[in-house]
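K.L.:
I'd like to go over a predicted model; first the sequence, then the structure.
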Amino acid sequence: MTFSPDAVFLSALRRWPDVEAPDLVAVDAADRLILDEATEALSAAGAGEVVVIADAYGALTLSAARSGVTALRVHQDPLTGERALAANAELFGLSDAFRSLPLSARLLTGARLVLVRLPRSLDALRDIAGLIAAHAHPHVVIYAGGRLKHMTPAMNDVLREHFDRVDVTHARQKSRVLIARGPHTGAEPSPRRAVHDGLVVCAFGGVFAGTAIDIGTRFLLEHVPATIDGAGDIIDLACGTGVVATRLALQHPERVINACDDSAAAVESARATAAANGVADRVTVVRDDMLTTRADASARLITLNPPFHSGAAVHEGIAPRMFADASRVLRPGGELWTVWNSSLQYRPALERIVGPTRQVARNAKFTVTVSTRRAD
């Protein structure tokens, strides 16, 4: 087998169901550089020996599969990325070439070659590197690449915590690859912990804000309703580490709180946060693309601190999609409690998409609003 990345194929890959726009790409120079640097290793790889981690939309996985690599194992933190990979694989007849797995021993046992898109978080890289060192083959080689603007020398240091040798490739098109060999000091990922005003926050690597509570979420927590009357689900959408869901469970011991996030690491973090605060039996956390798994007109109240990043890119189209899904899931008269950076001016969109919207609170940076789902 001879491996050769196919530029025409790569250009045909899509981001869907993630946000698509002319300025948002499914494949970038870092993907291409990883594939080029790993050409010889991929050509020599046997069945089941290759693992891909953090492949944004399938460029690494499907390029390897098209060149004959079989029984690939893949982990992507965002569910949208996992679904984009599946959609791209179906389009090109490659659905049977890989398995999507959690970040776990099963993903990495016996792996000899691991392709990684470098996460921006050092804690996320530490979780990945420790797990590879713990479970991959002793001769495993890692090709970990990223865009120079998101890379730091500290990433080399993190890899050296778990590998004897780390080489650095020449930069190309503002991208670079780190190559690690000689695993040692393996470690299973475990959540970091911090306490804020009596609330224990747990976070696996890469989750937004880590063990801190970001200032937008803090402002929302000051204003969530003290009483919640009426039937219907309570949902914390884009829950992150589960801070809002856990606080709601503590404030409303008679209610079950539902939480969801696109990120696998966020879901595990939210579960750990709920458990650390003694409410795991009343906080249900699922991995979901917005509210895909929730029934229409089923929720009494939804809380939301909407992200405005798609991967590393800032994009204004994310929040309106979340407002629309929240509107679908809210029952008539149900409420969407949203915190947002005031400069984003979301209120007209909330009025149009959900219903009548009033300002609950505003400070120097953030606004909290409540939007009431209008009757159809």
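P.N.:
Cool, got the structure.

K.L.:
Residue 168 contacts residue 159, correct?
P.N.:
No - judged on CB atoms under 8 Å, residue 168 makes no contact with residue 159 at a distance of 10.3 Å. Just so you know, the C-beta spots here come from the backbone N, C-alpha and C atoms, and that holds for glycine as well.

K.L.:
Quickly list what's touching both of the two.
P.N.:
Listed as contacting both residue 168 and residue 159 by CB atoms under 8 Å, 6 or more residues apart in numbering are residue 178.

K.L.:
who has more neighbours, those two?
P.N.:
Remark: of residue 168 and residue 159, residue 159 carries more neighbours, 25 against 13, as counted by other CB atoms under 10 Å.

K.L.:
So what does that one have for phi and psi?
P.N.:
Here is the backbone geometry of residue 159 (degrees, to the nearest 10): phi -60, psi -40.

K.L.:
How much space separates it from residue 42?
P.N.:
Counting by CB to CB, to the nearest Å, the gap between residue 159 and residue 42 amounts to 20 Å.

K.L.:
same check, this time on residue 88
P.N.:
For residue 88, the distance to residue 42 - CB to CB - is 18 Å.

K.L.:
Spell out, range by range, the helices that occur in this structure.
P.N.:
7-12, 29-37, 39-44, 59-66, 79-91, 105-108, 122-135, 153-160, 215-221, 243-251, 264-276, 318-329, 347-353 (DSSP state H).

K.L.:
mind giving me TSV with those and columns for distance to residue 175 and mean pLDDT?
P.N.:
As requested, these are exported to TSV (distance: least, CB to CB, whole Å; pLDDT from 0 to 100):
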stretch	distance to residue 175	mean pLDDT
helix 7-12	14	87
helix 29-37	4	96
helix 39-44	16	95
helix 59-66	13	96
helix 79-91	19	97
helix 105-108	24	98
helix 122-135	16	98
helix 153-160	13	98
helix 215-221	32	97
helix 243-251	35	98
helix 264-276	24	98
helix 318-329	25	96
helix 347-353	35	97
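
K.L.:
looking at these, which is closest to residue 53?
P.N.:
helix 122-135 (5.9 Å; CB to CB).

K.L.:
how far off helix 264-276 does the closest one point, in degrees?
P.N.:
If you take axes from the mean of the first three to the mean of the last three CA atoms, to 10 degrees, helix 122-135 sits at 90 degrees to helix 264-276.

K.L.:
what angle do helix 122-135 and helix 153-160 make?
P.N.:
Going by the same axes, to 10 degrees, helix 122-135 makes 20 degrees with helix 153-160.

K.L.:
Show me what helix 122-135 packs onto, helices and strands only.
P.N.:
Secondary-structure packing of helix 122-135 (3 or more CB pairs under 8 Å, 6 or more residues apart in numbering; DSSP states H and E): helix 105-108, strand 141-147, helix 153-160, strand 175-183.

K.L.:
Redo the ones you listed as TSV? Include distance to residue 279.
P.N.:
Formatted as TSV, the helices and strands packed on helix 122-135 follow (distance: least, CB to CB, whole Å):
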stretch	distance to residue 279
helix 105-108	29
strand 141-147	37
helix 153-160	33
strand 175-183	38
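
K.L.:
Mean neighbour count, the ones you listed: which tops it?
P.N.:
Ranked by mean neighbour count, the helices and strands packed on helix 122-135 are led by strand 141-147 with a mean of 24 (mean count of other CB atoms under 10 Å).

K.L.:
How about residues contacting that strand?
P.N.:
28-31, 33-34, 37-38, 41, 112-118, 125, 129, 132, 155, 159, 163, 174-181, 312.

K.L.:
Now which of these would you call buried?
P.N.:
28-31, 33-34, 37-38, 41, 112-118, 125, 129, 132, 155, 159, 163, 175-180 (16 or more other CB atoms under 10 Å).

K.L.:
For the stretch 201-350 of the chain, which segments count as strands?
P.N.:
Secondary structure of the stretch 201-350 of the chain (DSSP state E, counting those that start in this stretch): strands located at 233-237, 257-261, 283-287, 299-304, 309-310, 313-314, 330-341.

K.L.:
Turn these into TSV, including mean neighbour count.
P.N.:
Putting the strands of the stretch 201-350 of the chain into TSV (neighbours: other CB atoms under 10 Å) gives the following:
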stretch	mean neighbour count
strand 233-237	25
strand 257-261	27
strand 283-287	20
strand 299-304	25
strand 309-310	14
strand 313-314	12
strand 330-341	22
